[in-house]
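Engineer: Okay, here's the prediction I keep looking at, along with the sequence it came from:
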Amino acid sequence: MAYTTIDKPSDYFETKLYTGNGGTQSITGLDFAPSWVWIKRRSSTQKHGLYDTVRGATKVLASDATDAEATHDALTAFGTDGFTLGNIGRTNTNNETYVAWSWKETATAGFDIVAYTGTGSSNAVSHSLSATPNMMIIKNRDDTDSWYVWHQSLGAVASNYINLDTVDPASSVDNGIIALSSSNFTVNTRGDVNENTMKYIAYCFAEKKGYSKFGSYTGNGNADGTFVYTGFKPAFVIVKNTSINENWSMHDHKRNDAVIPNFARLTPDDNQAEAANTTFAKVELLSNGFKLGGTADVINDASVKFIFMAFAENPFVTSGGVPATAR
């Protein structure tokens, strides 16, 4: 029996906290060369910054905005164990605090970054996951279209999507992503995924046992909230209410209160500073999943479906059948 496919998740995903210096600085210490880096200023209002090796350093997109891709020196280079920052406020204002989430692009970890050009008609785009994606995030790099997200728990790929940059609930869709396979995804005529001559970036995810999970849960509306099984101790979790206008909510194991297991909240669709630990956004990261707390719509509304994406700090049981030690 395979308990996990990856014994050391930090070879493929890691969270780094740092303080800006207002000049240039290198953020190092990762156990891999990052392919995708997502940075958010914690201490004050600032747009998210998403950078990847496919588009190239200095090319930025913002998850909380429909902005087309911009070029600036916020992230100037990718390294073998980190990345280098310039003196742009989005990533490196003096004395401001930041969080950076980094992923390695590899089929082993179920992550592929795909750049493609729209055709305006049915367009089969190749990916390298060697598995059918469980979640996809697509952005038009040339125009101000919203971020298009498909998640397996939303239902049929040709019929359902949700936006990353808004509070909007899930919606039905025509002519977006219309088919998925282990080698490609097919996009149709919608401008947010396939306008003729426009450039796009797609972040493609395939679930890997013991390392990543793309699922759903139903909130219970109680202070003693819903438990969600993942099969690993999460390092990073994003959740979204699929039924009403409500923010996404993102949490990780580094921005943790040292005493109370409530995790500070940021929102992919909002440029606001990190929220203090409150009763409406408790997310306890456990050895085999995560537990929600509070009664609010953002993470635990009663009888409401939420989708989530999660990546591991530790597998619950290693590939050799040894239970991992919870921190």
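Structural biologist: Perfect, thanks for sending it. Numbers count the residues shown, from 1 in each chain.

Engineer: contacts and neighbour counts: CA atoms only from here.
Structural biologist: Fine.

Engineer: so what secondary structure elements neighbour the worst-scoring helix or strand of the chain on mean pLDDT?
Structural biologist: Here the helix or strand of the chain ranked lowest by mean pLDDT, DSSP states H and E is helix 297-300, holding a mean of 79. Under the contact criterion of 3 or more Cα pairs under 8 Å, 6 or more residues apart in numbering; DSSP states H and E, helix 297-300 touches strand 232-241, strand 289-293.

Engineer: Outline the domain layout of this structure.
Structural biologist: Residue ranges for the domains of the chain, per automatic domain parsing: 10-103, 109-205, 212-315.

Engineer: circling back: could I get the CA-only coordinates of the least confident helix or strand of the chain as PDB?
Structural biologist: Extracted in PDB, the C-alpha atoms of helix 297-300 (Å, rounded to 0.1, in the frame of the first residue of the first chain):
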ATOM      1  CA  ASP A 297     -19.300  32.600   6.000                       C
ATOM      2  CA  VAL A 298     -15.600  32.900   5.100                       C
ATOM      3  CA  ILE A 299     -14.600  29.400   6.100                       C
ATOM      4  CA  ASN A 300     -17.400  27.500   8.000                       C
END
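
Engineer: As a check, name the ranges of all helices in the stretch 101-250 of the chain.
Structural biologist: Here the stretch 101-250 of the chain has its helices, by DSSP state H, counting those that start in this stretch, at 191-194.

Engineer: How are the strands of it distributed by residue range?
Structural biologist: 111-117, 123-126, 135-140, 148-151, 160-163, 171-172, 177-180, 184-187, 199-205, 212-218, 224-229, 232-241, 249-252 (DSSP state E, counting those that start in this stretch).

Engineer: Serialize the ones you listed to a markdown table and add fields for mean neighbour count, distance to Phe83 and mean pLDDT.
Structural biologist: Shown next, in a markdown table, are the strands of the stretch 101-250 of the chain (neighbours: other Cα atoms under 10 Å; distance: least, Cα to Cα, whole Å; pLDDT from 0 to 100):
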| stretch | mean neighbour count | distance to Phe83 | mean pLDDT |
| --- | --- | --- | --- |
| strand 111-117 | 20 | 18 | 98 |
| strand 123-126 | 17 | 28 | 98 |
| strand 135-140 | 24 | 23 | 98 |
| strand 148-151 | 22 | 27 | 98 |
| strand 160-163 | 23 | 28 | 96 |
| strand 171-172 | 14 | 37 | 92 |
| strand 177-180 | 20 | 32 | 96 |
| strand 184-187 | 21 | 30 | 98 |
| strand 199-205 | 21 | 19 | 98 |
| strand 212-218 | 22 | 24 | 97 |
| strand 224-229 | 18 | 33 | 91 |
| strand 232-241 | 25 | 20 | 95 |
| strand 249-252 | 23 | 20 | 92 |
